[in-house]
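In: give the three-dimensional model of this entry:
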Amino acid sequence: MLAVFTFVIEVLAVVVAGTVGGIVTARLVRGSRQRKRARLAAGPRRALLAFVADNGEEGSHDLVAIPADAWRAAEPHALALLQKLRGEAHLGLVSVFLRRGVARTAMGHLRSRSRVRRARAAQVLGDLELRQAVPALCELLTDRHAEVRVVAVRALGRIGDPAAAWRIIASLDRADPIPSLLASHTLVQLGADAEVTVSAALDHPQARVRAVCLDALGLLGATASVHRIARVLREDSHLDVRVAAAAALGKLGTRTALDPLTLALHPSRPTPLRVAAARALGDLGAPSAVPTLAGLLTDEAFAVAHEAAHALRRLGRPGLEALHYAHVGSGVAAAHASEALAYAQVVDGQSSVRSGAAGGAVGWVPA
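Out: Below you'll find the model as predicted:
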């Protein structure tokens with residue numbers, strides 16, 4: 001028995017020693033590779049920094065002539081620079097990448113079996129802002145791996161081609177869609193030329209798609225879509241979509257949004273919608289909404305009265321005057337007014353009506 005026990009101990013010692021030796025060897029090899037990579041990248045990194053410092057006007061030929069192994073070592077640094085640069089320096093570095101064939105290689109990797117390689121290729125093409133890659137990146141919006149789809153959407157947003165709008169919207173209508181906030185942010189990055197497509201998607205059968213498009217239209221400042229958004233606010237069958245429509249109208253800041261939002265405050269409407277409409281009136285910046293909001297300070301729904309008070313606070317001098325008038329009274333209205341005025345004093349730095357935004361709210365523009 002003792003001999004067996006001794007044998008087991010010896011075997012375990014050999015296994016432990018082998019494992020420790022393997023770990024040490026792997027770390028030594030990894031460290032050696034990292035040092036070699038750092039040595040190879042040192043020269044190209046200096047050349048890249050000099051190129052950027054010169055705003056991309058000199059040194060592009062030197063960067064193209066860098067040996068392949070040294071460029072591979074420096075490429076992560078070059079890509080990091082590419083993400084941060086704008087203007088001439090960005091265009092100059094993009095030209096270097098194109099001349100080195102990086103874009104061509106990335107386009108080929110979009111069809112790789114490796115999801116990591118597909119995602120990296122999509123990110124590179126997005127950083128290069130290569131419009132020719134838009135159709136291929138749109139194909140990745142149906143990739144079976146969510147992380148690849150997310151990288152593809154971000155790349156399309158970086159490129160900013162409005163032609164991708166409908167494919168991004170369509171990618172929301174699937175069992176495992178891209179995140180809503182990412183989709184709306186990307187649609188905004190596509191610019192005003194995408195407004196027609198995004199507005200048309202307000203008739204999409206999926207409520208989630210309509211809500212994302214409403215958020216994007218509000219962030220785009222799509223004033224030409226006010227009437228379509230107002231129709232969604234009145235008629236849509238999903239409460240969440242109507243709430244999103246109210247928020248979008250508030251962001252647009254046009255006079256034509258005032259009546260639809262006021263109608264959404266009717267006591268017969270659902271409380272979440274009335275809350276959103278009150279908040280949107282404050283965002284809208286219309287001094288003419290003050291009487292309506294002041295009347296809501298006594299509303300039976302606490303959330304509606306609360307949002308009305310803070311909407312008045314955001315309307316500047318006219319709203320602050322209404323809050324001060326309610327504050328000197330008693331009851332629920334005075335309580336909500338007091339809270340909003342205290343918030344204005346502490347957070348907004350408005351100690352009185354005189355220190356409020358003189359001349360009314362900021363952001364009000366004609367339709």
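In: what residues does residue 269 make contact with?
Out: residue 277 (CB atoms under 8 Å, 6 or more residues apart in numbering). All C-beta atoms are positioned from the backbone trio N, CA, C, and that covers glycine.
In: then residue 170?
Out: Residue 170 neighbours (CB under 8 Å, 6+ apart): residue 141.
In: and it, how far is that from residue 201?
Out: Going from residue 170 to residue 201 by CB to CB, to the nearest Å gives 9 Å.
In: cool, and residue 73?
Out: Counting by CB to CB, the gap from residue 73 to residue 201 is 45 Å.
In: repeat that for residue 139.
Out: Taking CB to CB, one finds residue 139 at 20 Å from residue 201.
In: please name the nearest non-neighbouring residue to residue 179.
Out: residue 150 (7.3 Å; CB to CB, 6 or more residues apart in numbering).
In: give me the more crowded residue out of residue 139 and residue 201.
Out: Taking other CB atoms under 10 Å, residue 139 and residue 201 do not tie; residue 201 has more neighbours (24 against 13).
In: pretty sure that one contacts residue 210?
Out: Yes - assessed by CB atoms under 8 Å, residue 201 is found in contact with residue 210 at 7.1 Å.
In: now do stretch 98-106: everything it contacts.
Out: Outside stretch 98-106, the residues that reach it (CB under 8 Å, 6+ apart) are 60, 63-64, 71, 75, 97, 120-122, 124-125, 128, 130, 133.
In: now the end-to-end length of that stretch.
Out: Stretch 98-106 has an end-to-end distance of 11 Å (CA to CA, to the nearest Å).
In: now for the contacts of stretch 98-106: which two are most distant?
Out: 60 and 122 (25.2 Å; CB to CB).
In: remind me which residues of the stretch 201-350 of the chain are low pLDDT?
Out: 348-350 (pLDDT under 70).
In: pLDDT wise, what is residue 59 at?
Out: pLDDT for residue 59: 70.
In: now do residue 184 against residue 172, distance only.
Out: Distance from residue 184 to residue 172, by CB to CB: 10 Å.
In: shared neighbours, these two?
Out: residue 212.
In: pull the contacting residues for the closest residue to residue 82 other than its chain neighbours.
Out: Leaving aside its chain neighbours, residue 82 sits nearest to residue 127 (4.8 Å; criterion: CB to CB, 6+ apart). Contacts of residue 127 were listed using CB under 8 Å, 6+ apart, and they are 79, 82, 83, 155, 158.
In: surely the second one meets residue 90?
Out: Read that as residue 82. Yes - Residue 82 is within contact range of residue 90, at 6.9 Å (criterion: CB under 8 Å).
In: roughly how far apart are the residue nearest the centre of the chain and residue 280?
Out: Centroid-nearest residue in the chain, with CA atoms, centre = their mean: residue 185, separated by 3.9 Å. Distance, residue 185 to residue 280, by CB to CB: 20 Å.
In: same deal with residue 130?
Out: Taken as CB to CB, the span from residue 130 to residue 280 is 39 Å.
In: quick one, helices of the stretch 201-350 of the chain?
Out: In order along the chain, the stretch 201-350 of the chain carries the following helices (DSSP state H, counting those that start in this stretch): 207-220, 226-235, 239-252, 258-263, 271-284, 290-295, 302-314, 317-327, 332-343.
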